[in-house]
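>>> Quick one: sequence plus predicted model below, questions after.
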Amino acid sequence: MSRLPRTRSRLAAVCVTLAASLAGVAPALAECSSTEACLRAIEAAQRETRTIEADFVQVKHLSLLDEPLTSSGRFVFKRPDRIRLQVDQPQPTTIVINGKDVSIPSLMNLPASEKQAIAMAPIAGMFTQLGAIFTGSTRTLQEGFEVAARQADADTIEVKLKPRVAAWQRLFRSIEIHFGGPDLLAQQLRLEDGFGDQLDITLRNVQRNRDVPDASFDASGSSAGGSEQRQ
């Protein structure tokens, strides 16, 4: 598989991970005394979430570079399985996910073979598994990942995911999500990929259950998206 599809696959994985993590709102940390208890608290928090919007800043630490790479953009989710990740800086890129269909409008002119490689990348199999933490089906999540959750400090729950499937392990070795604050909102994510590189994501201006038009997930037009939702 070429480097381009693999890179886009990892970016698509970020979309799903953001959707899964941003959904966490709610129960008291007193309920988080074990992995199962923490997962139950997260499950309970998902029930009322219909849409999510957030700004993000991601910093990628590459083993071959001295200086990290920084990018920023906008994330939009609509239940049950629509995601739009819009990278604004430094190089504009948009990924649109409708269920298991992955579209990258900026790559529409690629040869059919490369577009198929992107669509069929191993990350497609991870969508349902990662989405399980959002829908509340932690049993499904545990089929694809080793899951550990704990109370990291007074107001933070830490969830660690390690892929069980070999093809997924080549994309990500581990995913770490921190839920914090009085409402247990996802605040930071750390992803270590199969090359030993590390991606740190900070979430800002998280908004929940605002009206998000279906046009935001229309892959045929690169201008549709969550950006017009900002205030």
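Arrived safely. Numbering: from 1, shown residues only.
>>> where exactly do the strands run in the protein?
51-61, 69-78, 82-89, 93-98, 101-103, 145-153, 156-163, 172-180, 185-193, 198-208 (DSSP state E).
>>> and of these, who's closest to Ser33?
Shortest distance between Ser33 and these, using C-beta to C-beta, is found for strand 145-153: 7.7 Å. Quick note: C-beta positions are derived from backbone N, CA and C, even for glycine.
>>> Determine the number of other residues adjacent to the spatially closest residue to Thr51 that is not a sequence neighbour.
Leaving aside its chain neighbours, Thr51 sits nearest to Val212 (4.5 Å; criterion: C-beta to C-beta, 6 or more residues apart in numbering). Neighbours of Val212 under the rule other C-beta atoms under 10 Å: 22.
>>> my guess is Val212 contacts Thr49, does it?
No. When contacts are counted by C-beta atoms under 8 Å, Val212 is not listed as touching Thr49 (11.9 Å).
>>> Next one, pLDDT for the residue nearest to Thr51 please.
Looking at Val212, its pLDDT is 94.
>>> Look up phi and psi at it.
Per-residue torsions, Val212: phi -120, psi 120 (degrees, to the nearest 10).
>>> quick revisit: what about the strands of the chain, which gets the closest to Asp218?
When the strands of the chain are ranked by proximity to Asp218, the top entry is strand 93-98, at 7.5 Å, counting by C-beta to C-beta.
>>> Adjacent strands (with direction) for the closest one?
strand 82-89 (antiparallel), strand 101-103 (antiparallel) (DSSP bridges).
>>> Redo those strands as TSV? Include mean neighbour count and mean pLDDT.
Output for these, formatted as TSV (neighbours: other C-beta atoms under 10 Å; pLDDT from 0 to 100):
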stretch	mean neighbour count	mean pLDDT
strand 82-89	20	86
strand 101-103	20	77
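>>> looking at those strands, which is closest to Cys32?
Here strand 82-89 is closest among the strands paired with strand 93-98 (C-beta to C-beta), at 26.9 Å.
>>> Export the closest one to CSV, keeping only CA atoms.
Taking Å, rounded to 0.1, in the frame of the first residue of the first chain, the C-alpha atoms of strand 82-89 are listed here in CSV:
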residue,chain,number,x,y,z
ARG,A,82,-21.2,11.2,10.1
ILE,A,83,-17.9,12.9,10.6
ARG,A,84,-16.2,15.8,8.9
LEU,A,85,-12.6,16.7,9.7
GLN,A,86,-11.4,20.0,8.2
VAL,A,87,-7.8,20.8,8.5
ASP,A,88,-7.3,24.6,7.8
GLN,A,89,-3.6,25.1,8.5
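>>> what angle sits between it and strand 51-61?
Angular relation of strand 82-89 and strand 51-61 on a 0 to 180 degree scale: 40 degrees, by axes from the mean of the first three to the mean of the last three C-alpha atoms, to 10 degrees.
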